[in-house]
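**Q** 3D, please:
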Amino acid sequence: MESVNLRISALALQLKKTKKMMQYFTDLNLRNKFLIWAGLLVCCFGLLASSLYYVHLRSILIRNALDTSEVILLEVESIREYVKEVLRPTISKLESRDTFVIEAMSSTFVSLNIMRRFNKKMPGYTFRRAALNPLNPQNRADDFEEEMFSWFEDDRSRTLWRGIVPREGQLSFVTIVPDYMEKSCLRCHGDARRAPAELIKRYGTKGGFRFKEGDLAGINSISIPVAGAFARIKRDSFVVFVAIQAGAAALLFLLSILFNRLVIKRLTHVSSGLLEENGEVQNNRDELDLLRQSVKTLSRYVTAARKGAGLQPNFVGCYVLGPPITAGTLSWLYEGHGEDNPKKVSIKIGFNQVLNNPLYATCLRAELKMLRTVGHNCIPEIIEHKDDILIMEPMQGTDLIDWMQSSRNQGPARKTILAQICDLVATLHVAGIVHHDLRPEIFLIIDGETGENVKITDMGLASWREIPDVILSSGLGPQGDFRYMAPEQIQGRRGDPRSDIYTIGVLLYRMFTGTMPFERQNSSIKTWLHIKKAVQAPFARALDISPELERIISKAMAGKSASRYQWIEDLWEDLDREL
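**A** Below you'll find the predicted structure:
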């Protein structure tokens, strides 16, 4: 049990180190990220190029060894044929029939002695004729050659074996061919009683006899040393790898200077200018993050100009409209301040298009009434109500999207945020309100004296049992972001608190994994209902998610409402224990 705990502790420590390294890489600027990735790609390319170069040279070496061994074996065979066809018949004519001069009439003796002299001139190039029971004990097969005997005897159609094996203390390319007994050889290797006396006198009768025509008499092999050549190939391949890395390093250095001057400086200048003016510069972000943040800030102003067109004048009673904070479903939230005093406020005003549409105007009035009626710390304090405009407490902070992508999304802070959101949803449900649109974009995280406080900025799609549901009665169909909607909400059903629990499950998924369970946009209702059935497990997206937390998120996002948490309080109880 102790060893298991030690392994678990070691694994947890390793995961922590890995996560720390990933966070360090994430915090690097764009230039350093580019250099690291480019360096890795160049290293991989160098390994691939040097490996291909090594394989190419090795194939050339083996091909040359094949050609050389074939030439040598043909030369040996030519020597043996010359002995059989020329020397042996010539000596037999000059001497008596029983005369047998081993040095001139034995094809094996002659070929072996010639190849020994060849070996002295070409060290490492070795020819052997091996047999299981030879006349000359020096030609007895070793263990490797015995295996080759068995290999050729198992299948008579085999006429050649080639391979790289260690021979005589060095790595050699070996070519082996079988040698079958011919009729002309039976005089010396058939019946020992008929063998030449000179042969018996020199070698005796223990080995090399009792063969028949067609028997596997021996194997002929030629060994060519390749260890030195392989070492040279490896050295050359390493030189190629080093040369590629050195050249690539120089090229990357020059590219980094060019990239820094032409891209990084301009990106930083463009993005930081807008962010500094708006007071939103955040540390530990690369240039693309800053550019995205600046574009988002610019988008707010553009959206404000587009959606707030026709809102004249820029005064609401004694309050002056300031820059936009965020957009809701039906309205825009602006910064504001008193005309005659610096007291800051937030001003919620419906879009011009909404105010001109009776259905959406009714929804906006219902939203404003819910904000005024329900009391909760996460619902902004209402200072004043002027027609279809709300004057509320000042709200300036980070939306929940940016907060989840920051380093603050961890530990106690994460639990604090979730506690406030779950308590808010529980309060809404008790009041008979189902929000139907709990996207992270509608939550602002405001730094206060007691820590980070959550403020909800939009309730435009909510239904309330105290007033008729205009969206349902008018047949407008599902409204909002389908990625966060429960399946029954996509089908048009409203008023079920468990739909909000599903959306909280999606929010939890994004908060703990950093990704959305569904990334598609603009799909049909039928397609979305199919997509909702195939959710990738949170654990597959983030290693630091425990099995219990994965169970909580999966249960909150269950496709069937009956399989989900039935009360938001039950969801929070499980989260509270796990976090």
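**Q** so where is the stretch 1-150 of the chain shaky, pLDDT-wise?
**A** Where the stretch 1-150 of the chain drops to pLDDT under 70, the residues are 1-9, 12, 16-31, 97.
**Q** What of the chain?
**A** The low-confidence ranges in the chain, as defined by pLDDT under 70, are 1-9, 12, 16-31, 97, 263-313, 449-450, 520-522, 539-543.
**Q** Where do the domain boundaries of it fall?
**A** Annotated domains of the chain cover 125-225, 308-578 [automatic domain parsing].
**Q** out of those domains, nearest to residue 79?
**A** Each of these has some distance to residue 79 by C-beta to C-beta; the shortest is domain 125-225, at 10.2 Å. C-beta coordinates here come from the backbone N, C-alpha and C atoms, glycine included.
**Q** Tell me the gap between the closest one and the middle of its chain.
**A** Mean-position distance between domain 125-225 and its chain equals 56 Å (C-alpha atoms, centre = their mean, to the nearest Å).
**Q** returning to that earlier point: reformat the domains of the chain as TSV; add distance to residue 58.
**A** Formatted as TSV, the domains of the chain follow (distance: least, C-beta to C-beta, whole Å):
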stretch	distance to residue 58
domain 125-225	10
domain 308-578	41
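**Q** Out of those, which gets nearest to residue 38?
**A** domain 308-578 (24.9 Å).
**Q** doesn't residue 172 fall inside a strand?
**A** Yes: judged by DSSP: H, G, I helix; E, B strand; the rest coil, residue 172 forms part of a strand.
**Q** can you redo the domains of the chain as CSV with mean neighbour count?
**A** Shown next, in CSV, are those (neighbours: other C-beta atoms under 10 Å):
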stretch, mean neighbour count
domain 125-225, 16
domain 308-578, 17
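**Q** Ok, which of those comes nearest residue 41?
**A** Closest among the domains of the chain, using C-beta to C-beta: domain 308-578, at 24.8 Å.
**Q** Just the CA atoms of whatever helix or strand residue 488 lives in, as CSV, please.
**A** Per DSSP states H and E: residue 488 is located in helix 487-490. C-alpha atoms of helix 487-490 as CSV (Å, rounded to 0.1, in the frame of the first residue of the first chain):
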residue,chain,number,x,y,z
PRO,A,487,-31.1,19.8,-25.7
GLU,A,488,-34.7,20.5,-24.5
GLN,A,489,-34.1,24.2,-24.8
ILE,A,490,-32.9,23.8,-28.4
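**Q** by contact count, what packs against it?
**A** helix 497-513, helix 525-531 (3 or more C-beta pairs under 8 Å, 6 or more residues apart in numbering; DSSP states H and E).
**Q** May I see those helices organised as CSV, with distance to residue 68 added?
**A** Output for the helices and strands packed on helix 487-490, formatted as CSV (distance: least, C-beta to C-beta, whole Å):
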stretch, distance to residue 68
helix 497-513, 62
helix 525-531, 65
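**Q** do you know which of those lies nearest residue 361?
**A** helix 497-513 (24.5 Å).
**Q** Which elements pack onto that closest one?
**A** helix 400-404, helix 411-430, strand 433-434, helix 487-490, helix 538-541, helix 547-556, helix 568-578.
**Q** Tell me how many other residues crowd the closest residue to residue 45 other than its chain neighbours.
**A** Nearest residue to residue 45, sequence neighbours excluded (C-beta to C-beta, 6 or more residues apart in numbering): residue 244, at 7.0 Å. By other C-beta atoms under 10 Å, the residues close to residue 244 number 19.
**Q** Now do stretch 136-143: everything it contacts.
**A** Contact with stretch 136-143 is made by 108-109, 112, 128-134, 148-149, 203, 207-208, 218-219, as judged by C-beta atoms under 8 Å, 6 or more residues apart in numbering.
**Q** 10 Å - rerun?
**A** Stretch 136-143 has contacts (C-beta atoms under 10 Å, 6 or more residues apart in numbering) with 106, 108-109, 112, 128-134, 145-149, 167, 202-204, 206-208, 218-219, 221.
**Q** Ok, stretch 198-212 next?
**A** With C-beta under 10 Å, 6+ apart as the criterion, stretch 198-212 contacts 98-103, 105-106, 108-109, 131-137, 139-140, 180-183, 185-196, 217-218.
**Q** quick one: which of the residues you listed sit in helices?
**A** 102, 103, 105, 108, 109, 186, 187, 188, 189 (DSSP state H).
**Q** check contacts around residue 163.
**A** Counting by C-beta under 10 Å, 6+ apart, residue 163 has contacts 62, 172, 173, 174, 175, 176.
**Q** So which of those is the closest to residue 535?
**A** The closest of those to residue 535 turns out to be residue 62 (C-beta to C-beta; 53.5 Å).
**Q** Next, work out how far apart the closest one and residue 106 are.
**A** 34 Å (C-beta to C-beta, to the nearest Å).
**Q** Which of the two has more residues huddled nearby?
**A** residue 106 (26 against 16).
**Q** Can you report phi and psi for the more buried one?
**A** Backbone torsions of residue 106, given as degrees, to the nearest 10, read phi -90, psi 110.
**Q** Settle this for me: residue 189 is touching residue 195, isn't it.
**A** Yes: judged on C-beta atoms under 10 Å, residue 189 makes contact with residue 195 at a distance of 7.8 Å.
**Q** Overlap of the contact sets of those two?
**A** 135, 208, 209.
**Q** Any chance of those residues in CSV with distance to residue 421 as columns?
**A** What follows is the shared contacts of residue 189 and residue 195, written out as CSV (distance: C-beta to C-beta, whole Å):
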residue, distance to residue 421
135, 96
208, 96
209, 99
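**Q** Let me know the closest of the residues you listed to residue 123.
**A** residue 135 (27.5 Å).
**Q** Give me the distance between the closest one and residue 118.
**A** Distance from residue 135 to residue 118, counting by C-beta to C-beta: 22 Å.
**Q** Over to residue 232?
**A** 24 Å.
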